[in-house]
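> Need a 3D model of the sequence below.
(one chain, ligands or ions: 3)
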Amino acid sequence: MRKIYIFDTTLRDGEQSPGVNLNTREKVEIAHQLEKLGVDRMEAGFPAASPGDLAAVNAVAKAIKNATVIGLSRSREQDIDAVREALIGAQDPCIHVFLATSPIHRKYKLKMEKSQVMDTARAAIQYSRKYFSKVEFSLEDAGRTELDFMVEVTAMAVKEGATVINIPDTVGYLTPYEYGNIFKHLKENVPGIEKVQLSAHCHNDLGMATANTLAAILNGADQIEGTINGIGERAGNTAIEEIAMALETRQEFFNAKTSLQLSEIARTSRLVSRLTGMVVPGNKAIVGANAFAHESGIHQDGMLKEKTTYEIMTPETIGLKESKLVLGKHSGRHAFREKLVDLGYELSEEEVNKAFAQFKDLADKKKEVSDNDILALLEEKLTDTPEMFKLDTLYVAYGNQLVPSAKVRILTLDDRVLETEAAGNGSVDAIYNAIDLASGEQVTLSDYLIKSVTQGKDALGEVHVVLTQGELSVQGHGLSTDILEASARAYVDALNGLIEKRKTFTKRVDYKE
Ligand SMILES: CC(=O)SCCNC(=O)CCNC(=O)[C@H](O)C(C)(C)COP(=O)(O)OP(=O)(O)OC[C@H]1O[C@@H](n2cnc3c(N)ncnc32)[C@H](O)[C@@H]1OP(=O)(O)O
Ligand SMILES: CC(C)C(=O)C(=O)O
Ligand SMILES: [Mg+2]
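Ligands and ions are numbered 1, 2, ... in the order given. Below is the predicted model of the structure:
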């Protein structure tokens, strides 16, 4: 199987992401993790950019023993000299020089004719070769360069002793078919091409960086360049983890592999995200939080029966513990029952069905139902008292210039419908006055406590109340994503408890007498 060399440029092109700035300590920390991941080559920075970057590249160069460390340079002696200085102490140094070759860059940016581009690139490679045995040359914006000129420049670079020639799709313009064909064409038309490695470097402006890189591999690329999490200039670079896992998962198709320690992928992704401050989107391939999470019932059922029904790779391969079954409104009974068992509940079929119905009600209001939500639901269900009163509807009017008022509709065990309205000092007071009117009970609210049992803006709020009536004191609690509804539920729950308690109390008093 063909080996594909991994050139990581998280510390250079990745750092070009707007808003990202890594200091020396952070670059060294990431470099050590990239070494553990097993990248073959790492581009540590652009030493001519600033004294700070030169120092950071030098620190990486000195720290890394098991990968080639690379510094980027324009085709200018002063930049090349900066790379020389930065790579002092490197075990295996390499310089990466580049010059744009496309008509747009030649005309507007460099203001050079083809011949000047050729001469400038030749001089830069020659100067670099004086100091480095490993020289990578990039034809910047190769993707929009005339094929015949690309052949000429590549042939010159081979002749001058470049060891790797990189064909960047700098602006993410090409399709996989076109990009793959460039590699095929260079392989077939550049004299001496077998003496060098050809490298692919893609950007993701049209979302095709991974596909283009894979097309290059299929057409003979020896090395691929990319970043962790796909960070980089504009829409970013090829995500290395995507290439590694594509080659791993579709080995029979690509017949190529990398030397990466795949189990370090998740850790590397987390570190890069933390130090660059670039959050990985949940749906990002391989390393997004949802990449191994399943929410819908049909998928969860499949996963519980046989994981390969919905997973083409295992989370363990990239160093994650396990797939997640996320409970939400699309989940089904199989996953819900599994969660109950996980949480230590053994419920009858009927109890599961009841709890499942409550869970679906909650899931309609919340994006994701957490373990704590389910525990709270179950506890409420298991401590159910017979419901003399059942809160049916609640309406609250509040404004900072208004007297708060509430309307409630309560259903009773003996099929009555009680509808009342009351004002109060605050919304909760108004609700409680309305419930008092409906129930006809004379009670005192002696305690009221509210807390959030889960996290986020749509968290479940739990309200505990204590009601007293003569010698009797009862607690009630209510749960809802809305605190006013939770308050009403807690009050009604306590009233139901009170009625039950009063029955036992009366029996005891009757017995004593
Ligand atoms: C596709 C890529 O990712 S390329 C790498 C991009 N990365 C960076 O640019 C980050 C580091 N860059 C920097 O810190 C600065 O741009 C520096 C220090 C390199 C240069 O700064 P300045 O001297 O102020 O020049 P500035 O960036 O404004 O302009 C770039 C100059 O380099 C020239 N240039 C661009 N690419 C090359 C090249 N490969 N070889 C030689 N000259 C080049 C431009 O034509 C322009 O020249 P001009 O001043 O004669 O018009
Ligand atoms: C410096 C080069 C290789 C680059 O990053 C690009 O062309 O995208
Ligand atoms: Mg780039």
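> just for the stretch 51-200 of the chain, where's the confidence low?
Applying pLDDT under 70 to the stretch 51-200 of the chain flags no residue at all.
> just so I have it, where are all the strands in it?
Here the stretch 51-200 of the chain has its strands, by DSSP state E, counting those that start in this stretch, at 68-74, 93-100, 135-140, 164-169, 197-202.
> How many residues are close by residue 261?
For residue 261, the neighbour count with other Cβ atoms under 10 Å is 15. Just so you know, the C-beta spots here come from the backbone N, C-alpha and C atoms, and that holds for glycine as well.
> That one - nearest residue in space that isn't next to it in sequence?
Excluding the flanking residues, the one nearest residue 261 by Cβ to Cβ, 6 or more residues apart in numbering is residue 38, at 4.6 Å.
> so what are the domain limits for this protein?
Domain ranges of the chain: 2-276, 293-381, 385-512, per automatic domain parsing.
> can you tell if the longest one touches ligand 1?
Yes. Contact between domain 2-276 and ligand 1, assessed by Cβ under 6 Å from any ligand atom, occurs at 13, 16, 46, 48-49, 74-76, 98-99, 109-110, 140, 170, 233.
> What residue, apart from its backbone neighbours, is nearest residue 391 spatially?
With sequence-adjacent residues excluded and distances taken as Cβ to Cβ, 6+ apart, residue 391 is closest to residue 492, at 4.9 Å.
> Which strands or helices does the host helix or strand of that neighbour pack on?
Using DSSP states H and E, residue 492 sits in helix 483-512. Secondary-structure packing of helix 483-512 (3 or more Cβ pairs under 8 Å, 6 or more residues apart in numbering; DSSP states H and E): strand 389-397, helix 427-439, strand 444-452, strand 461-469, strand 472-480.
> helices and strands around the longest one, which ones?
Where contact means 3+ Cβ pairs under 8 Å, 6+ apart, helix 427-439 is packed against strand 389-397, strand 405-412, strand 417-423, helix 483-512.
> pretty sure residue 82 is touching residue 45, no?
No. At 10.0 Å, residue 82 does not count as touching residue 45 under the criterion of Cβ atoms under 8 Å.
> shared neighbours, the two?
Common neighbours of residue 82 and residue 45 (criterion: Cβ atoms under 8 Å, 6 or more residues apart in numbering): 54, 71.
> Look at those two and report which has more neighbours.
Shown here are residue 82 and residue 45; by other Cβ under 10 Å, residue 45 has more neighbours (30 against 24).
> measure the more buried one to ligand 2 for me?
Look at residue 45 and ligand 2: by Cβ to the nearest ligand atom, to the nearest Å, they are 12 Å apart.
> Count the residues that sit near the closest residue to residue 77 other than its chain neighbours.
Spatial nearest neighbour of residue 77, chain neighbours left out: residue 127 (5.8 Å); criterion: Cβ to Cβ, 6+ apart. Residue 127: 19 surrounding residues under other Cβ under 10 Å.
> Could you tell me which residues within stretch 222-235 count as buried?
Applying a neighbour-count criterion of 16 or more other Cβ atoms under 10 Å, the buried positions in stretch 222-235 are 222, 223, 224, 225, 226, 227, 228, 229, 230, 231, 232, 233.
> same question, stretch 309-329
Of the residues in stretch 309-329, those buried (16+ other Cβ under 10 Å) are 310-311, 313, 315, 317-320, 323-329.
> With stretch 394-402 instead?
Buried residues in stretch 394-402, defined by neighbour count with 16+ other Cβ under 10 Å: 394, 396.
> Off-centre distance for that stretch?
Distance of stretch 394-402 from its chain centroid, counting by Cα atoms, centre = their mean, to the nearest Å, is 40 Å.
> Alpha carbons of that stretch, as PDB, please.
Only the C-alpha atoms of stretch 394-402 are listed here, as PDB (Å, rounded to 0.1, in the frame of the first residue of the first chain):
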ATOM      1  CA  LEU A 394     -52.400  28.700  32.900                       C
ATOM      2  CA  TYR A 395     -52.300  32.300  31.600                       C
ATOM      3  CA  VAL A 396     -50.300  35.000  33.300                       C
ATOM      4  CA  ALA A 397     -50.300  38.800  32.500                       C
ATOM      5  CA  TYR A 398     -47.300  40.700  33.600                       C
ATOM      6  CA  GLY A 399     -45.900  44.100  32.800                       C
ATOM      7  CA  ASN A 400     -43.800  46.400  35.000                       C
ATOM      8  CA  GLN A 401     -46.500  49.000  35.000                       C
ATOM      9  CA  LEU A 402     -49.400  46.400  35.500                       C
END
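> Can you tell me what sits against it?
Counting by Cβ under 8 Å, 6+ apart, 404, 405, 406, 407, 408, 409, 427, 430, 431, 484, 485, 488 sit against stretch 394-402.
> For ligand 2, see how far away whichever residue of the stretch 401-513 of the chain sits closest to ligand 1 is.
Residue of the stretch 401-513 of the chain nearest ligand 1, by Cβ to the nearest ligand atom: residue 456 (39.0 Å). Per Cβ to the nearest ligand atom, residue 456 is found 39 Å from ligand 2.
> ok, now which ones touch that residue?
Residues near residue 456 by Cβ under 8 Å, 6+ apart: residue 367.
> If any of the residues of domain 2-276 next to ligand 1 are buried, put those into a ChimeraX selection.
In ChimeraX, a selection of the buried entries from the residues of domain 2-276 next to ligand 1 looks like this (16+ other Cβ under 10 Å):
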select :13,16,46,48,49,74,75,76,98,99,110,140,170,233
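> doesn't residue 464 make contact with residue 447?
Yes. Counting by Cβ under 8 Å, residue 447 touches residue 464, with 7.2 Å between them.
> what about the two, which has more around it?
Taking other Cβ under 10 Å, residue 447 and residue 464 do not tie; residue 464 has more neighbours (17 against 11).
> rewinding a little: with the residues of domain 2-276 next to ligand 1 in mind, which one is nearest to ligand 2?
Ligand 2 has its nearest neighbour among the residues of domain 2-276 next to ligand 1 in residue 170, at 3.5 Å by Cβ to the nearest ligand atom.
> That closest one against residue 139, yeah?
No. Residue 170 lies out of contact with residue 139 (Cβ under 8 Å); the separation is 9.3 Å.
> any shared contact partners between the two?
By the contact definition Cβ under 8 Å, 6+ apart, residue 170 and residue 139 are jointly contacted by residue 100.
> Just give me the neighbour total for the closest residue to residue 387 other than its chain neighbours.
Nearest in space to residue 387, with sequence neighbours left out and distances taken as Cβ to Cβ, 6+ apart, is residue 496 at 5.3 Å. Other residues within reach of residue 496, judged by other Cβ under 10 Å, total 21.
> The residue nearest to residue 73 when sequence neighbours are not counted: what's it in contact with?
Of all residues not flanking residue 73 in the chain, residue 79 sits nearest, at 3.9 Å (Cβ to Cβ, 6+ apart). Residues counted as contacts of residue 79 (Cβ under 8 Å, 6+ apart) are 47, 48, 73, 97.
> quick one: the residue of the stretch 51-200 of the chain found nearest ligand 1 from residue 226, how far?
Using Cβ to the nearest ligand atom, residue 74 is the residue of the stretch 51-200 of the chain that sits closest to ligand 1, at 3.3 Å. Counting by Cβ to Cβ, to the nearest Å, the separation of residue 74 from residue 226 is 22 Å.
> same deal with residue 81?
According to Cβ to Cβ, residue 81 and residue 226 sit 28 Å apart.
> what's the answer for residue 490, then?
Applying Cβ to Cβ, the value for residue 490 to residue 226 is 55 Å.
> Tabulate the strands of the stretch 51-200 of the chain in JSON lines, adding columns for distance to residue 56.
Formatted as JSON lines, the strands of the stretch 51-200 of the chain follow (distance: least, Cβ to Cβ, whole Å):
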{"stretch": "strand 68-74", "distance to residue 56": "10"}
{"stretch": "strand 93-100", "distance to residue 56": "15"}
{"stretch": "strand 135-140", "distance to residue 56": "20"}
{"stretch": "strand 164-169", "distance to residue 56": "22"}
{"stretch": "strand 197-202", "distance to residue 56": "21"}
